[in-house]
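[1] got a predicted structure plus its sequence, pasted below:
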Amino acid sequence: MVLEFQKPRPIWQIMFSTHHTDIGLLYLILSLAFLFLGGSLALAIRAELFFPNIEGTGQIIADSMTFNRIFTVHGTTLIFLFIIPFASAVGNYFVPIMVRYKDMAYPKLNAIAFWMIPPAAVLVWLGFADFTWYAQPPYSIISAPGPAADMWIFGLKILGISSVLGAINFVVTILKCKHPDMSIGQVPLLAWSFLVTSCIIIVAIPTFAAALLMLLTDRLGLSGFFNPAMGGDPIAYSHLFWFTFHPEVYVLVLPAIGMMYEIIPRFSRKPIYSYNSGVFAFVLLAIVAFSSWAHHMFATGMSFTEKTVFMVGTLAAVPASAMHVFNFIATMWNGRIKFATPMMWAVGGMALFFAAGAGGVVNSAMPLDFSTHDSYWVVGHFHLFVMGTIAFASIGFVYYMFPYVTGRMYNETAGKAHFVLSFVGTVLVFFTQHVLGLYGMPRRVFDYPPIPEWIAMNQIASVGAMIIGTSMVIFLINMIYSSAKGELANIEDPFGLGGKYYYPFEAKNPHH
Amino acid sequence: MKRMIGLFLVLAVLVIIPAIDLAFAAGDEPGEYLDRRVIIWNLFFRLMAVAFTVGAVVSGTLIWLVWRFRESNPKAKPTPYEGTDW
Amino acid sequence: MSGHSNMPEWIYIAVVVALMTWVGAEAWNAERLVEHVPEGAEVIKVTAQQWFWTFEHEDGTKEIGELHVEVGKAYKFEIESKDVIHSFNIHDYVVLMDAVPGRVNTVWFAPTEVGEHAIQCREYCGLLHYNMRGTLYVEEQSS
């Protein structure tokens, strides 16, 4: 692992480098920057919903169009510009080291995949589209305004290509460049998670890429694939979209589980309970990921049979996810667990993973869709995944990587405070939003009628969001201050766990 | 293993047989309309009862685990792997 | 890796699979009951457009933003949209179905008590999505 800040190099050396740790660092910085940007949009959303708008009071954002643009960019940013690049950052740092290769298989391709993200991000942010992160036609064809929508389409197109290039690189690195002495059954589970996710990306993304092109030509009036006025079918878009983006959920969550597989055994001072069941569950999840996409569309008028098939497909993902949880718990059992910050985040993420999964089971039960679909229940449910599980594992991993990247230790107290505040905030926001959904509040609303229960729960959620916001400020300060002024880390064993680390310190500084 | 079979028998009696029973017994009597609220919320609360039970078991296990095997617990002892090359 | 028994894990997986089977069976059964539209349900045509609801009763009367129904009757909504996708929702009666341009979706319900309930749009449909609301009036049977 490189010590970026101990031996400072000119910034352009990092920017023009093709070394995997340099690109990993670029991914890391970019993704964390967008975590803060996307998160501040979330705070704007929660601030607007703190009060219902009664006779001009309680309104913070100027108009509903601005609000719609904010939640669209919030979703797009955190999924495509935080979670996915963050996973790439971890993969770039760790996968070549774990398979004992000097670099990624295609270093230049790796750099290209990274440098496609900033222009795409610029398109998404300058456009500030308003049609939600799934750009549902016919709204996105006949109603969404101006260049914003087209910029979003091009931005997502570029991000899709970038993901596919990155995925190809990971697959080749793991399968073809691993050390000849190493069998595929010895590749650490974190690298396995990247192998599996990359396969999902390669299978899933082209469908969405096609749908985006069709959407664009529809917008230009050249075609009518999804435009009912020209004989098209908007539901066809939903199928294409969710065929990509339900598996994409696993693309987001599997690296997070891989990160937990890295953190939990390390801090429990024990090997993983069952490596084989971890691999098996990863592969199984990658397969069942493709059997459940239409559970997002139960309310679009699907037949009973279709719904049943997709409900069964959805439930099939549960045992595999449960195997991971079992593995984590069994690994911690009889360990001697050091609750340093990364471990706290991993265990907190695991606890919320269960809640998110249980909510998902309830969602997939067909008739309950009538009460939960497109309500705040759904918002609470998937945020428990993306924030409670994925972001928790990711942030834990930031703390875990920190000494290896900077050569210095973060402030442990601040890290723990960050965890506690975030955990409390996450529970407050997203558990409350589940209940709010049961009371019938639709999602994506700029304003809501002043029903006392709705007001109360919105305010609890907003307070929770502010708590998360505060904790993120602590995080930001801790990261910036500690990377410059933190204590020097003992790079052989920065967390004082004893034992031998089998790879991180083996990597050398890049000599380009 | 015998105990497991017993457990599944109990589960079958408690859960599966009534469900199948309900599925085939319920028909449509004329005049009375089903109340969709009753069916849907009933299902919801049954699922919630199960979810919260399982959740209590899982989070209870997790909390106990975190409390018992933390490094600072007086009963904590080094794992067999510490100091080795695992 | 180490030589431990896998029995606990298999038992655990069996329990999870059994639970999921139960969830699936229960959901399947409830959905089967809810989907079955009773004979003789009155048809109400629901038309969604940005950003209001139009209702047309069987006898041809039209209402905008308001819907009057009677206790004890079954109603079948035939939902369509004139522009973008909306979602017709009476949360108090757990009625929800997307209004998709180019197709007619159906959902039914039978109101049981006199009262007023909110009708809202659950699917994002643009500028005034948040305000695409109506009211359901459940009244005593007239005849």
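    In hand now; what should we look at? Residues are numbered from 1 along each chain as shown, chains lettered A, B, ... in the order given.
[2] residue ranges with poor pLDDT in chain B?
    Confidence mapping of chain B against pLDDT under 70 gives the ranges B:1-4, B:7-9, B:11-31, B:84-86.
[3] cool, chain C as well?
    C:1-5.
[4] show me where it has helices.
    Using DSSP state H, the helices of chain C run over C:7-35.
[5] got a list of what the residue in chain B that chain C sits nearest to touches?
    Residue of chain B nearest chain C, by Cβ to the nearest Cβ: B:Tyr33 (3.7 Å). For the C-beta atoms, the positions are set from N, CA and C on the backbone; glycine is no exception. Counting by Cβ atoms under 8 Å, 6 or more residues apart in numbering or on different chains, B:Tyr33 touches C:38, C:74, C:110.
[6] distance of it relative to C:Val104?
    To C:Val104, B:Tyr33 is 22 Å away according to Cβ to Cβ, to the nearest Å.
[7] filter the contacts of B:Tyr33 to the buried ones?
    Using 16 or more other Cβ atoms under 10 Å in any protein chain shown as the burial test, the contacts of B:Tyr33 include C:74, C:110 as buried.
[8] need the contacts of B:Tyr33 in TSV (columns: distance to A:Val95).
    Below are the contacts of B:Tyr33 laid out as TSV (distance: Cβ to Cβ, whole Å):
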residue	distance to A:Val95
C:Pro38	59
C:Ala74	59
C:Ala110	58
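[9] ok, so of the contacts of B:Tyr33, who is nearest A:Pro8?
    Using Cβ to Cβ, C:Ala110 comes nearest to A:Pro8 of the contacts of B:Tyr33, at 73.0 Å.
[10] not counting sequence-adjacent ones, nearest residue to the closest one?
    Of all residues not flanking C:Ala110 in the chain, B:Tyr33 sits nearest, at 3.7 Å (Cβ to Cβ, 6 or more residues apart in numbering or on different chains).
[11] also A:Phe50?
    Nearest residue to A:Phe50 in three dimensions, chain neighbours excluded: A:Ser462, at 4.4 Å (Cβ to Cβ, 6+ apart).
[12] same thing with A:Pro147?
    Nearest residue to A:Pro147 in three dimensions, chain neighbours excluded: A:Gly127, at 6.4 Å (Cβ to Cβ, 6+ apart).
[13] pLDDT of stretch A:189-208, averaged?
    In this model, stretch A:189-208 carries a mean pLDDT of 95.
[14] for it, C-alpha coordinates in CSV please.
    Presented in CSV, the C-alpha positions along stretch A:189-208 are these (Å, rounded to 0.1, in the frame of the first residue of the first chain):
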residue,chain,number,x,y,z
LEU,A,189,-13.5,-12.9,-0.2
LEU,A,190,-13.1,-9.2,-0.8
ALA,A,191,-11.6,-10.0,-4.2
TRP,A,192,-14.3,-12.6,-4.8
SER,A,193,-17.0,-9.9,-4.2
PHE,A,194,-15.4,-7.8,-7.0
LEU,A,195,-15.2,-10.8,-9.3
VAL,A,196,-18.9,-11.5,-8.8
THR,A,197,-20.0,-7.9,-9.0
SER,A,198,-18.0,-7.3,-12.2
CYS,A,199,-19.7,-10.3,-13.8
ILE,A,200,-23.1,-8.8,-12.8
ILE,A,201,-22.1,-5.5,-14.3
ILE,A,202,-21.0,-7.0,-17.6
VAL,A,203,-24.3,-8.9,-17.9
ALA,A,204,-26.6,-6.2,-16.7
ILE,A,205,-25.4,-2.8,-17.8
PRO,A,206,-25.7,-3.2,-21.6
THR,A,207,-29.5,-3.5,-21.2
PHE,A,208,-29.7,-0.1,-19.6
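[15] now do the buried residues in it.
    A:189-201, A:203-205, A:207-208.
[16] can you check stretch A:131-150 too?
    Buried residues in stretch A:131-150 (16+ other Cβ under 10 Å): A:131-144, A:148-150.
[17] which among those residues are in contact with chain C?
    When contact is defined as Cβ under 8 Å from any Cβ of the partner chain, these meet chain C at A:131-132, A:136, A:138-139, A:142-143.
[18] dump those residues into a markdown table; add distance to chain B as well.
    Below are these laid out as a markdown table (distance: Cβ to the nearest Cβ, whole Å):
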| residue | distance to chain B |
| --- | --- |
| A:Phe131 | 30 |
| A:Thr132 | 26 |
| A:Gln136 | 25 |
| A:Pro138 | 29 |
| A:Tyr139 | 28 |
| A:Ile142 | 33 |
| A:Ser143 | 32 |
